[in-house]
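>>> One predicted model, sequence on top.
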Amino acid sequence: MYGWIWRHLPGHPLVRALISLLLVLGVVYLLFTYVFPWAEPLLPFGDVTVDGDGGGAAG
């Protein structure tokens, strides 16, 4: 897949590298701006079960 993208980018290898960097930054931006906030309520990170017996080493 990455080879296909690299072959279809225009320009010299340095220009291709800069365009690739911009594409990666754009995907990361979209993930952090739209996808992760949308998916956060669907993930079970808030469903933490902790015993209240105080049996830990620091207890």
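Noted; the coordinates are in hand. Residues are numbered from 1 along each chain as shown.

>>> Any regions of this structure where pLDDT drops low?
52-59 (pLDDT under 70).

>>> Show me where it has its helices.
2-8, 13-30, 36-39 (DSSP state H).

>>> Make CSV out of the ones you listed and add distance to T49 and mean neighbour count.
The way it works is simple: take the backbone N, C-alpha and C, and place the C-beta from them, glycine included. As requested, those are exported to CSV (distance: least, Cβ to Cβ, whole Å; neighbours: other Cβ atoms under 10 Å):
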stretch, distance to T49, mean neighbour count
helix 2-8, 41, 9
helix 13-30, 33, 11
helix 36-39, 22, 10
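
>>> could the ones you listed go into CSV alongside distance to G46?
Shown next, in CSV, are those (distance: least, Cβ to Cβ, whole Å):
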stretch, distance to G46
helix 2-8, 36
helix 13-30, 24
helix 36-39, 13
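
>>> Those helices: which one's closest to V48?
Nearest to V48, of all these, is helix 36-39, at 18.1 Å by Cβ to Cβ.

>>> Give me the contacts around that closest one.
The contact list for helix 36-39 (Cβ atoms under 8 Å, 6 or more residues apart in numbering) is empty.

>>> now that helix, how far from the chain's geometric center?
11 Å (Cα atoms, centre = their mean, to the nearest Å).

>>> and if you look at stretch 7-27?
That offset, for stretch 7-27, works out to 19 Å (Cα atoms, centre = their mean).
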